[in-house]
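Undergrad: turn this into a structure:
(one chain, ligands or ions: 1)
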Amino acid sequence: MNVKGISRNRILNSLSRRLSEDLNFESGKIFGSMCTEPHNFARSVYSAYLEKNIGDPGLLRGTLDLERDCIRIIGTLLSHSKASGHIVSGGTEANVMALWSARNESRKEKPEVILSSLAHHSFKKAGDLLGLRLVVIPPDKHRFDASKISNAITSHTILMIGTAGSTDLGLIDPIQEMSEISSRFQIPIHVDASFGGFVIPFLKARGSDLPDFDFRLKAVRSITIDPHKMGMAPIPSGALLFRNRRALDTISYDTDYLSGGLKPRGTILGTSPGASIVSVWSLLNLMGQEGYKKTARSCMRLTEYLYQRLTGIDGVVVISKPEMNVLGFRSSRIKISVLSRRLRNKGYAISTFPTHLRLVIMPHVTRSHVELFIETLVGVLANKGRSN
Ligand SMILES: Cc1ncc(COP(=O)(O)O)c(C=O)c1O
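TA: Numbers count the residues shown, from 1 in each chain. Prediction:
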């Protein structure tokens, strides 16, 4: 630390120089992120309420009330207006909480959780932290292979996990089928709709033929849904919703020292931003169903356009027809790692999976970004402007 502080101007200059190294959304090069430019209104609301620490909820009874509204609005979107839950830091915290609560509620010895090998890696963290055995099932055509569930269930099984909007391809697991099996064995389901939660209901409302994934299915115990992904809220903003309040009670603890006199919320973090709640509430109200439908529809139209362009390129294999605004492709001629490196060398931020590269068509991606990407990809496949 400097002995004396330095001037604001010097600091700002230094920040602008050093942060120019960061990739930004306007560059048109970020095709690999499930987050996006936060909505301007939510950004300004967030910055107006930076001081709020929801880790001491008794101090923030107004914010707590806004949180109840958020859970009711999101719960209604997910077919259960009476859901309980919290606005949290993101999909990882929500997924860990879901497994934490399932473990505490079940009280089974040596608890096991059944999931697809394509489920998000936050479940590995949860398994490790919570001492859960993860029973991992290989996918069938990039989705949960429900035909393998019955054999995987044991007397130790406490939960199974379905994903609505998978990390690698944005696909929806056969959660309806999982729900039928799980009802037979009385094993609840956690649905990770971290990405798909703010997409599927709005595409369905516009007539897309997508399967049910939410609380409409009786076995669904909890759902993760992230406002900071397709909800366009500032980071950090995730949400976890439980069908029953008692699931939340299993991870709530009392403490004496909080100055507001209420017990802490049943989340993992202590001190945490109340501004997330305030900005999510504001954005949900500003956007309304129409706003989110428009956003999901416009991302989907661009994804369909990109799909069409990719399928027209000789030597490009598209992994599956996109269900939402996520698309996987590979080259029939070049190894995935080589293609990935060449695109990175051209400045592109694109996620690499063992079977493909993933593009996410978030609200910050424009038609001209897509055109430039296609042009670059064609060049890279032909090995023009080769750098390795
Ligand atoms: C399906 C899914 N679940 C959970 C997460 C984790 O979310 P976060 O990065 O907000 O912790 C992601 C992240 O991309 C995801 O794709």
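Undergrad: which SS class is residue 134?
TA: Classification of residue 134 using DSSP: H, G, I helix; E, B strand; the rest coil returns strand.
Undergrad: other residues contacting stretch 123-141?
TA: Outside stretch 123-141, the residues within contact range by C-beta atoms under 8 Å, 6 or more residues apart in numbering are 92, 95-96, 98-100, 103, 110-118, 144-145, 147-149, 152, 156-158, 161, 192, 320. Placement of C-beta: from N, CA and C, glycine included.
Undergrad: buried among those? Make that a ChimeraX selection.
TA: Here is the ChimeraX command that selects the buried residues among the contacts of stretch 123-141 (16 or more other C-beta atoms under 10 Å):
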select :92,95,96,98,99,100,103,111,112,113,114,115,116,118,144,145,149,157,158,161,192,320
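Undergrad: just the strands in the stretch 151-300 of the chain please.
TA: Along the stretch 151-300 of the chain, counting by DSSP state E, counting those that start in this stretch, strands occupy 157-163, 189-192, 220-225, 238-242.
Undergrad: mean pLDDT and distance to the ligand added to these, as TSV?
TA: Shown next, in TSV, are those (pLDDT from 0 to 100; distance: least, C-beta to the nearest ligand atom, whole Å):
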stretch	mean pLDDT	distance to the ligand
strand 157-163	98	5
strand 189-192	98	5
strand 220-225	98	6
strand 238-242	98	5
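Undergrad: what's the most buried one of the ones you listed?
TA: Burial of the strands of the stretch 151-300 of the chain is given as mean neighbour count (mean count of other C-beta atoms under 10 Å); strand 238-242 ranks first at a mean of 31.
Undergrad: roughly how far out does that strand sit from the chain middle?
TA: Distance of strand 238-242 from the chain centroid (C-alpha atoms, centre = their mean, to the nearest Å) equals 11 Å.
Undergrad: pull the number of nearby residues for residue 74.
TA: Counted with other C-beta atoms under 10 Å, residues neighbouring residue 74 total 24.
Undergrad: so how far is residue 299 from it?
TA: 19 Å (C-beta to C-beta, to the nearest Å).
Undergrad: now do the end-to-end distance for stretch 265-274.
TA: The straight-line separation of the ends of stretch 265-274 (C-alpha to C-alpha, to the nearest Å) is 12 Å.
Undergrad: try stretch 247-259
TA: Taking C-alpha to C-alpha as the measure, stretch 247-259 stretches 26 Å from start to finish.
Undergrad: can you give me the buried ones in that stretch?
TA: Applying a neighbour-count criterion of 16+ other C-beta under 10 Å, one finds 247, 248, 250, 251, 258 buried in stretch 247-259.
Undergrad: what lies in contact with that stretch?
TA: Outside stretch 247-259, the residues that reach it (C-beta under 8 Å, 6+ apart) are 55-59, 84-86, 97, 100-102, 104-105, 221-222, 242, 263-266.
Undergrad: the closest residue to residue 191 other than its chain neighbours bridge partners, please.
TA: Once flanking residues are discounted, residue 191 sits nearest to residue 223: 4.7 Å by C-beta to C-beta, 6 or more residues apart in numbering. Beta-bridge pairing for residue 223 (DSSP bridges): residue 191, residue 241.
Undergrad: now do residue 223 against residue 141, distance only.
TA: With the distance defined as C-beta to C-beta, residue 223 ends up 24 Å from residue 141.
Undergrad: same thing with residue 195?
TA: Between residue 195 and residue 141 the distance is 19 Å, computed by C-beta to C-beta.
Undergrad: more crowded one of the two?
TA: Applying other C-beta under 10 Å to residue 195 and residue 141 shows that residue 195 carries more neighbours, namely 26 against 8.
Undergrad: which of the buried residues of stretch 247-259 fall in helices?
TA: Using DSSP state H, the members of the buried residues of stretch 247-259 that fall in helices are 247, 248.
Undergrad: so the longest helix seen in the chain versus strand 238-242, what angle?
TA: In the chain, taking DSSP H as the definition, the longest helix is helix 274-311. On the basis of axes from the mean of the first three to the mean of the last three C-alpha atoms, to 10 degrees, helix 274-311 is oriented at 100 degrees to strand 238-242.
Undergrad: I'd like the next helix or strand past helix 274-311.
TA: On the C-terminal side of helix 274-311, the closest following helix or strand by DSSP states H and E is strand 316-318.
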